[in-house]
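>>> Okay, sequence plus prediction incoming.
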There are 2 protein chains.
Amino acid sequence: MTTEITPFILASDSPRRKEILQKVGFPIEVHPSQVNEDYNPSASPENFVKHFAMLKANLVAPKFPDRIIVAADTIVVLDGMILGKPKGKSGAIEMLRKLSNKTHSVFTGVALVKKQLNATENFFERTDVTFLPLSNDMIRYYVETSQPFDKAGAYGIQDWSASFVKSINGCYYNVVGFPLSRFLSLLGSTSFQKKFQSDNWLGMVVE
Amino acid sequence: MTTEITPFILASDSPRRKEILQKVGFPIEVHPSQVNEDYNPSASPENFVKHFAMLKANLVAPKFPDRIIVAADTIVVLDGMILGKPKGKSGAIEMLRKLSNKTHSVFTGVALVKKQLNATENFFERTDVTFLPLSNDMIRYYVETSQPFDKAGAYGIQDWSASFVKSINGCYYNVVGFPLSRFLSLLGSTSFQKKFQSDNWLGMVVE
C-alpha cells in the first residue's frame, strides 16, 4: 500500500540521520552539504540550529530545484552553553565530565526547501537528557573505544553511551540527530503537501 | 581496561533484551524461562512486572546456583488497563487504535537472583510514551509489515513504529524491554557488589 513518492534529498553526511529515515522506509538520496559551523555565540540554541539547517539545505537546493531538500543540525546545550563536536580525546573527556550527573538539552533544527516553488519549512525540536553520575573509568573507556569526535556533546545515545542516560524527556530520535515524529507529522499535514506539492506519504493525514 | 566478570544468566528469550545488554558489552548467557502470564487483574502494574520477573528468574536459578540470574517482564498500561501481547492481527490493530493520540506507560520489572547466597533484587521502572494520532493506514501498514505479536502493546519502539512516538519521558531502553541505566547503576553500587559478591563492572562505582 506504500505510495510511490519522489525521494527527498538528504543534505547530510550523518550516517545516523540516514539510518533513522531508512528505518521507517522513507525514500531519500544523500547529497552531503558541508558548512563551516563557526557561529555567533550570542545566538539562541533554537536560532542556531534552525540557521545551520537552512544553510545546509540552501547549499544543495540549487542542484535539485524540483526536489525536496531536507537538512538538519544538532547541538547540545548545558547551562546555557552550546557544546558542539569535541576537539580530540581530551576535549571529549572534558565534555563528558561536564555532562555527568546533569540534565542537558539536545536541539535539532530541520530545514526543508523546494527551490522551484520557493517553499521552505524550518523548525527545531528540543529533548532533555539526564545523565547518571559518570565515573572517570566509564568516560575514559567510552572515549577510547567509541568515536565521539563527530558528535555534538561527545556522545551518541544509540551506542555504548546508552548506559550514561538515566532518562530523556521528548523525542528519542531527536537526540540521535533527527526529530522523526515531528518530521513525519509535518509531512502528513495537508498544508505541507499543498505548499510543497508533495505526495501523501503512507496516508498519514490524520487532521 | 574491562574487568573480566562471570557472565550473568539472562532468563529471557527476548532478542531485544539480549541486544541491549550486548550493546554495552555486558557479558551474558541466555537461558530462556517460560512462564504462563495469566495474572490477577487486580495486581498493580508495578507488582505485576516485579512478580513475573522474579518468577522467571526463580525458574532458572536452581540450574545455576552460583551465578547471577537476571530476568525481566514488560507491560503497557493505558488508562489503568494492562495491555499484554496482542492476539492476532485484529487484536494488534485494536491495541494500536487505543494507543493512538494518547500517553501510555511502559513498566518493566527486573529480578536478580543468586541462589547460593539467597541474594535477590527486584525493581521496576516506568516510562511514559506519547503517541501521535495514528491513521488507520499507518496502523494497518505496521501490523502487515512488522511482527507486533510478541510485543506488549503491539509495538516495538525500536522498529518502524518509532514513527508513532511523539515523545517519551524516562528511560528509552525501558520501553524496548530493559531499563539499562537503572540496572547498570544498581550493579555499580557497592551494596549490590557485597550482597551478590559480584565484580565491579567497568569501575562504575560513583557513590
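Alright, I've got the coordinates. The structure displayed is predicted, hence computed values, not measured ones.

>>> What distance do you get for A:Pro27 to chain B?
To chain B, A:Pro27 is 14 Å away according to C-beta to the nearest C-beta, to the nearest Å. Yep, even glycine has a C-beta here, placed from its N, CA and C like the rest.

>>> residue ranges of the helices in chain A, please?
Per DSSP state H, chain A carries helices over the ranges A:15-23, A:45-60, A:88-99, A:136-145, A:172-176, A:180-188, A:190-196.

>>> what about the fourth one, near chain B?
Yes. Contact check for helix A:136-145 against chain B, using C-beta under 8 Å from any C-beta of the partner chain: residues in range are A:Asn136, A:Asp137, A:Met138, A:Arg140, A:Tyr141, A:Glu144.

>>> Quick one: neighbours of A:Lys98, just the number.
For A:Lys98, the count of nearby residues is 18 (other C-beta atoms under 10 Å in any protein chain shown).

>>> ok so, going back, export the residues of helix A:136-145 next to chain B to a markdown table and append columns for pLDDT and neighbour count.
As requested, the residues of helix A:136-145 next to chain B are exported to a markdown table (pLDDT from 0 to 100; neighbours: other C-beta atoms under 10 Å in any protein chain shown):
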| residue | pLDDT | neighbour count |
| --- | --- | --- |
| A:Asn136 | 90 | 13 |
| A:Asp137 | 86 | 17 |
| A:Met138 | 87 | 24 |
| A:Arg140 | 91 | 16 |
| A:Tyr141 | 87 | 18 |
| A:Glu144 | 90 | 11 |
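
>>> list the contacts for the closest residue to A:Tyr173 other than its chain neighbours?
Leaving aside its sequence neighbours, A:Tyr173 sits nearest to A:Leu180 (C-beta to C-beta, 6 or more residues apart in numbering or on different chains; 4.1 Å). With contact taken as C-beta atoms under 8 Å, 6 or more residues apart in numbering or on different chains, A:Leu180 is in contact with A:Ile20, A:Leu21, A:Val24, A:Cys171, A:Tyr173, A:Asn174, B:Ala162, B:Ser163.

>>> Please check those residues and keep the buried ones.
A:Ile20, A:Leu21, A:Val24, A:Cys171, A:Tyr173, A:Asn174, B:Ala162, B:Ser163 (16 or more other C-beta atoms under 10 Å in any protein chain shown).

>>> Save these as a markdown table, and put in pLDDT and distance to B:Ala71 too.
Formatted as a markdown table, the buried ones among the contacts of A:Leu180 follow (pLDDT from 0 to 100; distance: C-beta to C-beta, whole Å):
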| residue | pLDDT | distance to B:Ala71 |
| --- | --- | --- |
| A:Ile20 | 91 | 31 |
| A:Leu21 | 91 | 35 |
| A:Val24 | 81 | 32 |
| A:Cys171 | 95 | 30 |
| A:Tyr173 | 94 | 29 |
| A:Asn174 | 95 | 32 |
| B:Ala162 | 86 | 26 |
| B:Ser163 | 86 | 31 |
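
>>> surely A:Leu83 meets A:Ala152?
Yes. Using C-beta atoms under 8 Å, A:Leu83 makes contact with A:Ala152 at a distance of 6.4 Å.

>>> Between the two, tell me which one has more neighbours.
Neighbour tally, A:Leu83 and A:Ala152, criterion other C-beta under 10 Å: the higher count belongs to A:Ala152, 25 against 19.

>>> For the more buried one, report the pLDDT, please.
Predicted confidence (pLDDT) for A:Ala152: 89.

>>> now, which of the residues of helix A:136-145 next to chain B sits nearest B:Asn200?
The shortest approach to B:Asn200 among the residues of helix A:136-145 next to chain B belongs to A:Asp137, at 9.3 Å (C-beta to C-beta).

>>> Now do the same contact list for A:Arg16.
A:Gly156, A:Gln158, A:Val176, A:Gly177, A:Phe178.
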